[in-house]
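Asker: Sharing a sequence plus its predicted fold:
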Amino acid sequence: MDAMTFVLFGATGDLAKRKIIPALYSLYVDQKLPPSFSFIGVSITELSDEEFHEHIEQSVHTFSEGGSNDFSKVKEFLPSIRYCKLDVTNEGEYKKLLKLIQLREEELNIPENRMFYMSVAPTFFDVIALNIKKSGLGSTKGWKRLIIEKPFGHDLKSAQELNEKLSTTFQEEEIYRIDHYLGKPMVQNLEALEFANPIFQTLWNNQHIANIQITASETVGVEKRASYYDKAGAIRDMFQNHMMQLLMMSSMHLPKRITAADIRNEKKKIIESVRPLKKEDVHSDVIRGQYGPGEIDGKSVIGYIEEPGIAPSSKNDTFVAVRLWIDDPFWKGVPFYIRTGKRMKNKSTRIVIEFKNHLKELYVNQNEEPTPNLLIIGINPNEGVSLQLNSKNPLKDGKIEPINIEFSADQDDVPKAYELLLIDAFEGDATFFAHWTEVELSWKWVQPILEAFDENLVPLHIYPTGSYGPDASHRLLEEDGFGWWLDKRSHELSNIASTEET
Ligand SMILES: NC(=O)C1=CN([C@@H]2O[C@H](COP(=O)(O)OP(=O)(O)OC[C@H]3O[C@@H](n4cnc5c(N)ncnc54)[C@H](OP(=O)(O)O)[C@@H]3O)[C@@H](O)[C@H]2O)C=CC1
Ligand SMILES: O=C1O[C@H](COP(=O)(O)O)[C@@H](O)[C@H](O)[C@H]1O
């Protein structure tokens, strides 16, 4: 891994404190950072290096999770870190940052490899890129890269405009668009699960798969993000990025070679084949929901429109369920059901692959009819794989019953998404970052839904907090003779399906 300078814009912010700094520390402890690593935190607040070091220590102590709970090396980690107070909108101030970067490059005798991480409000993304160019920060003799947080635009047009502005400073191959779902180990494992196991590879198509269900349910509500979330809703906050990525990752075909470019190409083919929706037809395939009051863990919880900062008249979506079709020969006729929502019964991100039940007709006795085989991929918070098969139960006179073969990863040992993504970016590997084509095509597909919601062409269903979302979301599956798996039967079927949110 090359020696480099890592510039973190928004170093005192929430994301930096909760995710980025603990991930960097964990990489340091595991000796996965480059041997010469100059880390410069940038924010608008006036801080000395020592005060910023205190901030780093606090963040590590408060937010390190799992295996990185070794705090003994925090003091050792600090000397590589400097702080620069800078207003990102003020072009003149970037010279100060450039001087500090160059000074540290000289002190550490490292090449001009510069990684810029934008962990600031999206309104600043374009201005920072422009100022990196104008100030000379981006004119390096080494490489330069940009890691950029979500959201990447608010709709198709704004995403295109943002991309155009970024591209005046950075080439596409220098841009690493973070989608933290792509950093989740089980998402990174999807490709291996399918392609490295001939039994699955052979079955991964419309001859054997009846439907695919992708769920990301959360128990948390809007929290302190009202001003952002009320304009975004579940469709922009989760569906356009994370859920579309899960769709591409679970349905892409075996590339000729497993390289970043080939995988990207397969993902592109999938998203290009997703059957477009017309704004007028959105109501048939999309369910929009908003949480009302209810209970979580026996405690009463207020509804969305009672949340601080949310207008009582808000029609924002906190839940969305979508049925879509991939019009290619592999997936023709296989419905994909995708849903995500806040304030639901449990925290669970998972993909359930329901296999066709070819043997149904062999079983004349209805009580004996085998349930479909299911492959359940647990992504969050419990990572694992479960395969549901049918077997005779000798204790029940040989009655056919579902059994599960289950692998569950030790959660403490699982690396965190931000750690995996940072290493990839340091190594220049963009496989698990969102390429512009994917982002653009995904906005293009979602655009009619945004418009249909704006124009109120889709009913808004209020669902009780602590539920599985609006009843209407079952309609999408029932129309095709299916039902959501694991909602009511999660404990019977699989331990990896759901747990409390952390
Ligand atoms: N927080 C989260 O869980 C997630 C956040 N994101 C994305 O990450 C990005 C950052 O979010 P988050 O950390 O929550 O935001 P915060 O508001 O918590 O942090 C923003 C940061 O930007 C700094 N800042 C504000 N104005 C300026 C300025 N004019 N010049 C220089 N620095 C400035 C702030 O400095 P100071 O603190 O000194 O005022 C702070 O460090 C956003 O794009 C967000 O969408 C994505 C996924 C999850
Ligand atoms: O990007 C986001 O993701 C989180 C959910 O992430 P997870 O890793 O806990 O599944 C979501 O709460 C947030 O609203 C959204 O911005």
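Answerer: Everything's here; your move. Nothing here was measured: the structure is a model prediction, and the numbers come from that model. Ligands and ions are numbered 1, 2, ... in the order given.

Asker: Need the outlier residue of this structure, farthest from its centre.
Answerer: For the chain, the largest distance from the centre (C-alpha atoms, centre = their mean) belongs to residue 397, which lies 45.9 Å off.

Asker: if I look at it, how far off is ligand 1?
Answerer: Per C-beta to the nearest ligand atom, to the nearest Å, residue 397 is found 53 Å from ligand 1. C-betas here are computed from N, CA, C, even on glycine.

Asker: likewise residue 337?
Answerer: Relative to ligand 1, and taking C-beta to the nearest ligand atom, residue 337 is found at 25 Å.

Asker: who's in contact with the residue of the stretch 201-350 of the chain found nearest ligand 1?
Answerer: Closest approach of the stretch 201-350 of the chain to ligand 1 (C-beta to the nearest ligand atom) occurs at residue 228, with a separation of 6.8 Å. By C-beta atoms under 8 Å, 6 or more residues apart in numbering, no residues touch residue 228.

Asker: right, is the host helix or strand of it up against ligand 2?
Answerer: Per DSSP states H and E, residue 228 falls inside helix 226-234. No: figure legend: helix 226-234 not in contact with ligand 2 (C-beta under 6 Å from any ligand atom); closest approach 6.9 Å.

Asker: How about the contacts made by the closest residue to residue 148 other than its chain neighbours?
Answerer: In space, and not counting its chain neighbours, residue 148 is closest to residue 118: 4.9 Å by C-beta to C-beta, 6 or more residues apart in numbering. Neighbouring residues of residue 118 by C-beta under 8 Å, 6+ apart: 9-10, 124-125, 128, 146-149.

Asker: Filtering those residues by proximity to ligand 1, which remain?
Answerer: Within these, those near ligand 1 by C-beta under 6 Å from any ligand atom are 10, 149.

Asker: any idea which of the contacts of residue 118 is closest to residue 164?
Answerer: residue 125 (12.0 Å; C-beta to C-beta).

Asker: Next, the closest one: phi, psi?
Answerer: Taking degrees, to the nearest 10, you get phi -60, psi -50 for the backbone angles of residue 125.

Asker: show me where the stretch 151-300 of the chain has helices.
Answerer: 156-166, 185-195, 198-203, 226-234, 244-251, 260-273, 282-285 (DSSP state H, counting those that start in this stretch).

Asker: and if you look at the stretch 301-450 of the chain?
Answerer: Going by DSSP H, counting those that start in this stretch, the stretch 301-450 of the chain shows helices at 417-427, 436-454.

Asker: and the next helix or strand after the longest one, what's its mean pLDDT?
Answerer: Past helix 436-454, further along toward the C-terminus, the next helix or strand under DSSP H and E is strand 460-465. Looking at strand 460-465 alone, the average pLDDT works out to 98.

Asker: gap between strand 460-465 and the chain center?
Answerer: Remark: strand 460-465 is offset 24 Å from the chain centroid, using C-alpha atoms, centre = their mean, to the nearest Å.

Asker: Show me what counts as buried in that strand.
Answerer: 460-461, 463-465 (16 or more other C-beta atoms under 10 Å).

Asker: out of these, which one sits closest to ligand 2?
Answerer: residue 465 (15.1 Å).

Asker: Do I have it right that that closest one meets residue 291?
Answerer: Yes: between residue 465 and residue 291 there is a contact under C-beta atoms under 8 Å: 5.0 Å.

Asker: which residues are in contact with both of those two?
Answerer: Common neighbours of residue 465 and residue 291 (C-beta under 8 Å, 6+ apart) are 221, 303, 343.

Asker: Do me a favour and get the end-to-end distance for stretch 235-250?
Answerer: Stretch 235-250 has its terminal residues 19 Å apart, counting by C-alpha to C-alpha, to the nearest Å.

Asker: close to ligand 2, is it?
Answerer: Yes: counting by C-beta under 6 Å from any ligand atom, ligand 2 is contacted by stretch 235-250 at 237-238.

Asker: Likewise for stretch 410-430?
Answerer: No: using C-beta under 6 Å from any ligand atom, we find that stretch 410-430 stays clear of ligand 2, coming within 7.0 Å at best.

Asker: Where does pLDDT dip in the protein?
Answerer: 66-69, 360-369, 411-413, 487-502 (pLDDT under 70).

Asker: okay, which residue is most central for it?
Answerer: residue 181 (2.5 Å).

Asker: What residues does the protein have near ligand 1?
Answerer: So far as C-beta under 6 Å from any ligand atom goes, the chain lies against ligand 1 at 10-16, 43-45, 86-89, 119-122, 149-151.

Asker: what's the burial count for the closest residue to residue 435 other than its chain neighbours?
Answerer: Setting aside the residues directly before and after it, residue 435 is nearest to residue 264 in space (C-beta to C-beta, 6+ apart), at 5.2 Å. Neighbour count of residue 264, defined by other C-beta atoms under 10 Å: 20.

Asker: ok, now residue 31?
Answerer: 7.

Asker: For ligand 2, see how far away it is.
Answerer: 26 Å.

Asker: do residue 180 as well
Answerer: Residue 180 is 6 Å from ligand 2, by C-beta to the nearest ligand atom.

Asker: Test my guess that that residue contacts residue 420.
Answerer: No: using C-beta under 8 Å, residue 180 makes no contact with residue 420, being 9.7 Å away.

Asker: ok so, going back, residue contacts, the residue nearest to residue 435?
Answerer: 431, 435, 437-438.

Asker: Take the residues you listed and lay them out in a markdown table including distance to residue 479 and neighbour count.
Answerer: Output for the contacts of residue 264, formatted as a markdown table (distance: C-beta to C-beta, whole Å; neighbours: other C-beta atoms under 10 Å):
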| residue | distance to residue 479 | neighbour count |
| --- | --- | --- |
| 431 | 37 | 16 |
| 435 | 34 | 22 |
| 437 | 32 | 15 |
| 438 | 29 | 21 |
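
Asker: Specify which member of the residues you listed is nearest to ligand 2.
Answerer: residue 438 (16.2 Å).

Asker: how far away is the closest one from ligand 1?
Answerer: 18 Å.

Asker: need the contact list for the residue nearest to residue 427 when sequence neighbours are not counted.
Answerer: Leaving out its chain neighbours, the residue that sits closest to residue 427 by C-beta to C-beta, 6+ apart is residue 1, at 5.8 Å. Residues in contact with residue 1 (C-beta under 8 Å, 6+ apart) are 33-35, 426-427.

Asker: Turn the residues you listed into JSON lines, columns for neighbour count.
Answerer: Shown next, in JSON lines, are these (neighbours: other C-beta atoms under 10 Å):
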{"residue": "33", "neighbour count": "22"}
{"residue": "34", "neighbour count": "17"}
{"residue": "35", "neighbour count": "10"}
{"residue": "426", "neighbour count": "21"}
{"residue": "427", "neighbour count": "12"}
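
Asker: Quick check: the farthest pair among the residues you listed?
Answerer: 35 and 427 (13.8 Å).

Asker: in the stretch 351-500 of the chain, what residue is nearest ligand 2?
Answerer: residue 380 (4.8 Å).

Asker: Surely that residue is in contact with residue 349?
Answerer: Yes: between residue 380 and residue 349 there is a contact at 3.9 Å, judged by C-beta under 8 Å.

Asker: Counting neighbours, go ahead and name the busier of the two.
Answerer: Each of residue 380 and residue 349 has its neighbours counted (other C-beta under 10 Å); residue 349 has more, 26 against 20.

Asker: pretty sure that one contacts residue 238?
Answerer: No: if you go by C-beta under 8 Å, residue 349 and residue 238 don't touch, sitting 9.8 Å apart.

Asker: Next, show the common contact partners of these two.
Answerer: residue 216.
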